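> only geometry, no sequence info:
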């Protein structure tokens, strides 16, 4: 089975710009979650998508938005980038909403905002 | 809001030493508990999980964890570590009645000296 793939692996953006990160979920998984992992910290939940709708959101401002497509792949969009948005962005997929089967994580996209 | 605390940020052990990493969470209701490992340059991988039943959970690579409800703890153990266990370890919790998000601890960086 294929795992979770994320693109790009690294990205450098300027403050104020917009960025789109992409995630392909593991085969058979219909739920995608996004996490932000700042340097030296644990991942923090941004939001989750199930059947193309957002069904959970963490403490992140509205400039963080997302989409899920019919094939269950997903995008994370961040507008008006700030220096503090520099982090590793992780995508995780699971089967069903509750993650009972466990979440499979991708290797992440390292975003640097300068 | 729920929080997860990992007491040790950095642990250094010699090969064959025993390992115990602490994890405490703040939520008093029903939870699902996880330990993830992140080897250098790799994605987060699930070590073990607890949902219900026997509070002593065995995972991959000889790891185990014990859920002690009265102490709100889910400590990770391994009787004899190997150099290949060098990695960062994250404890995570899902509150059963509060959506699907994983709340992670800050992580413990383990270095095993050969």
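All right, it came through fine. From a predicted model like this one, the values you see are computed outputs, not experimental measurements. Residues are numbered from 1 along each chain as shown, chains lettered A, B, ... in the order given.
> dump the residue contacts of the residue of chain A at minimum distance from chain B.
Closest to chain B within chain A is residue A:42: 3.4 Å, counting by CB to the nearest CB. (C-beta placed from N, C-alpha, C; glycine too.) Neighbouring residues of residue A:42 by CB atoms under 8 Å, 6 or more residues apart in numbering or on different chains: B:4, B:6, B:90, B:92, B:104-107.
> go on, residue A:102?
Counting by CB under 8 Å, 6+ apart, residue A:102 has contacts A:94, B:34, B:46, B:49.
> Residue B:77 contacts residue B:22, correct?
No - counting by CB atoms under 8 Å, residue B:22 is not a contact partner of residue B:77; they are 10.3 Å apart.
> re the thing from before, just the contacts of residue A:42 now: which is nearest residue A:65?
residue B:104 (22.2 Å; CB to CB).
> ok now do that closest one, which residues does it touch?
Contacts of residue B:104 (CB under 8 Å, 6+ apart): A:35, A:42-44, B:4, B:36, B:90-92.
> mind redoing it with 7 Å?
A:42-43, B:4, B:90, B:92 (CB atoms under 7 Å, 6 or more residues apart in numbering or on different chains).
> give me the beta-bridge partners of it?
residue B:92 (DSSP bridges).
> Can you name the residues in contact with stretch B:55-63?
By CB under 7 Å, 6+ apart, stretch B:55-63 touches B:35, B:47-48, B:50, B:64-68, B:76, B:78.
> try 10 Å
The contact list for stretch B:55-63 (CB atoms under 10 Å, 6 or more residues apart in numbering or on different chains) reads B:19, B:21, B:33-35, B:37, B:45-51, B:64-69, B:74, B:76-82, B:84-85, B:89.
> where does chain A dip in pLDDT?
When residues are selected by pLDDT under 70, those of chain A lie in A:1-2, A:97-101.
> I'm done for today, thanks for sticking with me.
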